[in-house]
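[1] predicted model and sequence follow; I will ask about them next.
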Amino acid sequence: MGQVTALRTAKNKALSTEPLSTLERLPSAREDIVKAKLVIAMVGLPARGKSTMARKLGRTLELDGVRVEVFNNGKLRRQIAPGEDSSEAGFFAPDNQDGLHLREDIARRNIEAAQAFLAGDGQVAILDATNITRERRRKIMSAFAPLPLCFIECLNADEEALTANLERKAELPEFRGLTREQALESFTRRIANYEQIYEPLDDEPNRILVDSFDSCILQEHISEVLPYYDRIRDIITTRVVRNLFLVRHGETVYNTENRIGGDSGLTARGQEQAEALAEHFATVRIPIIFTSNHRRTLQTARPIAARQTPCSIIALPEFNEIYAGVCEHLTYEEVRQKMPEVARERGPNKYRYVYPEGEGYATMAERVSRGLKKVFYLNNYDENIMIVGHRAVNRMILSRFLSRQEEEIPYIYMPQDRYYHIRIDPHKRSFEMVPYRSAPATWVGW
Ligand code: F6P
């Protein structure tokens, strides 16, 4: 990978501004580039996806064989100043001198730890903190000069995703003593405090502006050959799925009657399936379970969450089952009898067909992909993600990862006694259908 990166970097240079003499020197300097050191400093307000991005960069570079470490100021703060004092909004107020000193001290400690790491055999140090003042960034630049340094600023303009992220943050252990509302209020005030001193990136020599919800680069300004740079761009813009468990809800009353849509609850068998799933995943760390707003997915997720400590359930309307309009609550047989035209038209063109006053697979595509963006934005790049969804919605989710012809998608097998285990990184992809009753979940980690 390193060599390829070096060569591609050279190629990019050829396309940009460097004189040919630099290019000619590059191949012989390839080894230096491969072994080169780099500092990445995250920038952005709280809850903008910085840590998720830092972890994703760190983990993926590590898979490439790069020695990388993430230095997270929040984590260090919680270690050296646990308790309410350092988590309440007032701690982050610009005029709170004690808070300011402690935060600068934490930043200094992490800078020193990163310097020590790079002075040894460390190759990439990622400073994961808000770093939102020019003054802080100047300190970072002078601490690491002359090593190459790149700032990555994370933005998120999607209000809904931001709200969902705040709600997730409100459940963090540091807000344990507060009600959900108090925690939300405290975190919102913390952000407001940071907003008062926020100075976006402007004249730093190497800087990238990222939309962390859409996983895309909005702006980049790079003024020197940065090691690993092409790889970093790839990682920022690629969706990496470490372990996605795609589960269909347990059996419902409507399932036993072959009825479409609705919001029926689990049967005793469905409840038992949920318990079996909970048992199966008991030894696998699942910090968040994403569901739809329908009862059947929530009822399936609850026993699984109850076996995890802690685990949040985030219900996303984007994962609601296909809305069958005038056919909601009918059985497939009733549709055939009462609305033969629906059955006739849907059969040969199931993907494109839209239920009268309802949805079709094709018209669900946009909302499902928006739901997935939320999942990737909210999951904090955890090792394991679980989605408990529905037959049609799970087919659409799976089709975002599998390359399938659209006419095949509405027929993807989506049983209730197995789940899909999906793993995707830039090097390999795997999809496995796993029965969950037989044994606890196991897999070979990457
Ligand atoms: O039967 C359960 C169900 O989730 C329905 O609510 C939904 O309309 C259907 O499956 C989707 O499957 P298909 O597109 O094959 O009818």
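    That came in fine, so what should we check first?

[2] show me what from this protein comes close to the ligand.
    Within the chain, the positions near the ligand by CB under 6 Å from any ligand atom are Asn255, Ile260, Gly261, Glu321, Ile322, Ala324, His390, Arg391, Ala392, Pro410. For every residue, glycine as well, the C-beta is placed using N, CA and C.

[3] rerun that using 5 Å as the cut-off
    Contact residues (CB under 5 Å from any ligand atom) of the chain with the ligand: Ile260, Gly261, Glu321, Ala324, His390, Arg391, Ala392.

[4] mind giving me the domain split of this protein?
    3-237, 241-435 (automatic domain parsing).

[5] now the residues of the chain next to the ligand as TSV including pLDDT and secondary structure?
    Rendered in TSV, the data for the residues of the chain next to the ligand read as follows (pLDDT from 0 to 100; DSSP: H, G, I helix; E, B strand; the rest coil):
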residue	pLDDT	secondary structure
Ile260	97	coil
Gly261	97	coil
Glu321	98	coil
Ala324	98	coil
His390	98	coil
Arg391	97	helix
Ala392	98	helix
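
[6] and which of those is nearest His249?
    Sorting the residues of the chain next to the ligand by distance to His249 puts His390 at the head of the list, at 6.5 Å, by CB to CB.

[7] state whether Val388 is indeed within a strand.
    Yes - applying DSSP: H, G, I helix; E, B strand; the rest coil, one finds Val388 inside a strand.

[8] could you give the bridge partners of it?
    Per DSSP bridges, residues listed as beta-bridge partners of Val388: Val247, Thr291.

[9] distance of Phe431 relative to Ser399?
    Counting by CB to CB, to the nearest Å, the separation of Phe431 from Ser399 is 11 Å.

[10] neighbour count: those two, which is higher?
    Between Phe431 and Ser399, counted using other CB atoms under 10 Å, the more crowded position is Ser399 (20 against 14).

[11] isn't that one up against Tyr411?
    No - Ser399 is beyond contact range of Tyr411, at 11.0 Å (criterion: CB atoms under 8 Å).

[12] nearest residue to Arg55 in space, please, no chain neighbours.
    Tyr381 (4.0 Å; CB to CB, 6 or more residues apart in numbering).

[13] on that earlier part again, which of the domains of the chain has the lowest mean pLDDT?
    Here the lowest mean pLDDT among the domains of the chain goes to domain 3-237, at a mean of 84.

[14] just how off-centre is that one within its chain?
    Its chain's average C-alpha position is 16 Å from that of domain 3-237, according to CA atoms, centre = their mean, to the nearest Å.

[15] just the strands in the stretch 1-150 of the chain please.
    Assigned strands in the stretch 1-150 of the chain, in chain order: 38-43, 68-72, 124-128, 149-155 (criterion: DSSP state E, counting those that start in this stretch).

[16] what helices or strands is the third one leaning on?
    Judged by 3 or more CB pairs under 8 Å, 6 or more residues apart in numbering; DSSP states H and E, the packing partners of strand 124-128 are strand 38-43, helix 50-63, strand 68-72, helix 73-80, helix 97-119.

[17] repeat that with 7 Å
    If you count contacts as 3 or more CB pairs under 7 Å, 6 or more residues apart in numbering; DSSP states H and E, strand 124-128 packs onto strand 38-43, helix 50-63, strand 68-72, helix 97-119.

[18] and the second one, by the same measure?
    Using 3+ CB pairs under 7 Å, 6+ apart, the elements in contact with strand 68-72 are helix 50-63, helix 97-119, strand 124-128.

[19] CSV for the ones you listed, including mean neighbour count?
    As requested, the helices and strands packed on strand 68-72 are exported to CSV (neighbours: other CB atoms under 10 Å):
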stretch, mean neighbour count
helix 50-63, 21
helix 97-119, 16
strand 124-128, 25
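
[20] dig out what the closest residue to Met141 other than its chain neighbours forms beta bridges with.
    Once its chain neighbours are removed from consideration, Met141 has its nearest residue in Leu149; the separation is 6.2 Å (CB to CB, 6+ apart). Per DSSP bridges, the residues bridged to Leu149 are Val39.

[21] same question, Glu220
    Per DSSP bridges, residues listed as beta-bridge partners of Glu220: Ile208.

[22] show me the contacts for Gln182.
    Remark: with contacts taken as CB atoms under 7 Å, 6 or more residues apart in numbering, Gln182 is in contact with nothing.

[23] quick check: angle from the helix or strand where it lies to helix 97-119?
    Element membership for Gln182, per DSSP states H and E: helix 180-197. Angle of helix 180-197 versus helix 97-119, following axes from the mean of the first three to the mean of the last three CA atoms, to 10 degrees, is 80 degrees.

[24] is Ala365 in a helix, a strand, or coil?
    Going by three-state DSSP, the secondary structure assigned to Ala365 is helix.

[25] name the nearest residue to it, sequence neighbours excluded.
    Spatially, and ignoring its direct neighbours in sequence, Ala365 is nearest to Met396 (6.4 Å; CB to CB, 6+ apart).

[26] sec struct for that neighbour, please.
    helix.

[27] so it makes contact with Arg370?
    No - the criterion here is CB atoms under 7 Å, and Met396 misses it with Arg370 at 11.5 Å.

[28] now the stretch 1-150 of the chain against the ligand: closest residue?
    The nearest approach of the stretch 1-150 of the chain to the ligand comes at Thr52, 30.9 Å away (CB to the nearest ligand atom).

[29] OK, contacts around that residue?
    By CB under 7 Å, 6+ apart, the residues touching Thr52 are Ser212, Asn380, Tyr381.

[30] what about the strands in the stretch 301-446 of the chain?
    Taking DSSP E, counting those that start in this stretch to define them, one finds strands in the stretch 301-446 of the chain at 312-315, 384-389, 418-424, 429-435.

[31] tell me the most buried of the ones you listed?
    Using mean count of other CB atoms under 10 Å, the stretch among the strands of the stretch 301-446 of the chain with the greatest mean number of neighbours is strand 384-389 (a mean of 26).

[32] contacts for it, please.
    Residues from elsewhere that reach strand 384-389, judged by CB under 7 Å, 6+ apart: 243-249, 284-286, 289-292, 297, 300-301, 319, 375, 379, 397.

[33] so what touches the strand or helix carrying Arg296?
    Using DSSP H and E, the secondary-structure element containing Arg296 is helix 295-306. For helix 295-306, the external contacting residues (CB under 7 Å, 6+ apart) are 247, 249-250, 252, 263-266, 274-275, 277-278, 281, 286, 289, 291, 311, 313, 315, 388-390.

[34] and that helix, what's buried?
    Arg295, Arg296, Thr297, Leu298, Gln299, Thr300, Ala301, Arg302, Pro303, Ile304, Ala305 (16 or more other CB atoms under 10 Å).

[35] the residue sitting nearest the centre point of the chain - nearest residue in space that isn't next to it in sequence?
    Closest residue to the average C-alpha location of the chain: Phe376 at 2.5 Å, with CA atoms, centre = their mean. Here the nearest residue to Phe376 in space, its sequence neighbours aside, is Arg239; by CB to CB, 6+ apart that works out to 6.0 Å.
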